[in-house]
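*Asks:* give the three-dimensional model of this entry:
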Amino acid sequence: MKKNTIKEIILEDRGKFYGCSRETFFKEGTTFKHRESLDGKNTLYVTRLFRHNFITTGKELISTLTEISEQGSKILSLSELEESLPGFEIEENYPHFLYYEDKIKLLNLPDGYELRKVDPSDHPTLQKFLDSCTEEDIDDALIDLEDPDEEIRLVYFRDKPVGYAGYRRWGKEMGDVGILIHKDHRKKGLGRAAVAAATEACINNDVLPFYRTSSENVGSKTIASSLGYEFEWVTTECKCS
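*Replies:* Next up is the predicted model:
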């Protein structure tokens, strides 16, 4: 897929998410996106796309930030937020990667392991895998059986599920690829193989694969870059008092 085509997909998808026009992305400024789940919380997410800053947070902080923006710079950068908000701290950075190719090479797994396509509605099988993982790992991987991924691959070891990869739609044309490998089976190349399979599923369904992770998760970032994903933007999670 050509980069210009992908650029248009990003503009359309993120424009709908942030409720802004295409032209907004190329103007210096800040757009606020309300997220109901953040109401009453002092958490905000800052993303810079092209030339524009986007801040996602609850109503209370949007009101405060709008006043700050109107009184000073309309571009609320991280440094300006730090100066303006008491107790401002950066919690985590989440780099986002895109896959531009129209095919991907599937990888072999070590002896004893195999990848299987699993129906997203097969909750007993998926729950069996989740029961073997920690709640923290499940939360980090954003796995939710009530809102399952569109396509799912499980890694099996001797008929026991030990790894998960899938993608869920962002809008119509973007697929958020997620992965979780059981802690006892990591550093065996299972993650790369599972992400490659999920990426192929995106491509086969005409979905643009993208991958996001924590900046502290070096292994996860390595998986993305080693498979040919390219870094595009970062979303920063922040808190204030």
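*Asks:* tell me, how many residues neighbour the residue nearest to Leu126 when sequence neighbours are not counted?
*Replies:* Nearest non-adjacent residue to Leu126, counting by C-beta to C-beta, 6 or more residues apart in numbering: Leu145, 5.8 Å away. Bear in mind the C-beta positions are built from the backbone N, C-alpha and C, glycine included. Neighbourhood size, Leu145 [other C-beta atoms under 10 Å]: 14.
*Asks:* per-residue pLDDT, Leu145?
*Replies:* Here, the pLDDT recorded for Leu145 equals 85.
*Asks:* got phi/psi on it?
*Replies:* Phi and psi for Leu145, reported as degrees, to the nearest 10, are phi -70, psi -20.
*Asks:* would you mind measuring from it to Asp122?
*Replies:* Per C-beta to C-beta, to the nearest Å, Leu145 is found 10 Å from Asp122.
*Asks:* could you do Ser214 as well?
*Replies:* Note on Ser214: its distance to Asp122, by C-beta to C-beta, is 29 Å.
*Asks:* what's the residue nearest to Leu126 in contact with, if anything?
*Replies:* Residues in contact with Leu145 (C-beta atoms under 8 Å, 6 or more residues apart in numbering) are 123, 126-127, 130.
*Asks:* counting neighbours, which of those comes out on top?
*Replies:* Using other C-beta under 10 Å as the neighbour criterion, Leu126 leads the contacts of Leu145 with 22 neighbours.
*Asks:* so who does it touch?
*Replies:* With C-beta under 8 Å, 6+ apart, Leu126 has these contacts: 118, 120, 145, 148, 152, 154, 161, 164.
*Asks:* surely Ile75 and Gly29 touch.
*Replies:* Yes: with contact defined as C-beta atoms under 8 Å, Ile75 counts as touching Gly29 (6.0 Å).
*Asks:* any shared contact partners between these two?
*Replies:* With C-beta under 8 Å, 6+ apart as the test, Ile75 and Gly29 both reach Asn53.
*Asks:* can you pull the phi/psi pair for Thr66?
*Replies:* phi -60, psi -40.
*Asks:* which non-adjacent residue is nearest it?
*Replies:* Phe32 (6.7 Å).
*Asks:* need the CA coordinates for the helix or strand where that neighbour lies. CSV is fine.
*Replies:* Here Phe32, judged by DSSP states H and E, is contained in strand 30-34. Extracted as CSV, the C-alpha positions of strand 30-34 are listed here (Å, rounded to 0.1, in the frame of the first residue of the first chain):
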residue,chain,number,x,y,z
THR,A,30,-4.8,21.9,19.9
THR,A,31,-8.0,19.8,19.6
PHE,A,32,-9.6,18.3,22.6
LYS,A,33,-11.4,14.9,22.5
HIS,A,34,-13.7,14.0,25.3
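*Asks:* if I pick Asn42, what's in contact with it?
*Replies:* 61, 239-241.
*Asks:* show me the shaky parts of this protein.
*Replies:* Along the chain, segments meeting pLDDT under 70 span 1, 72-74.
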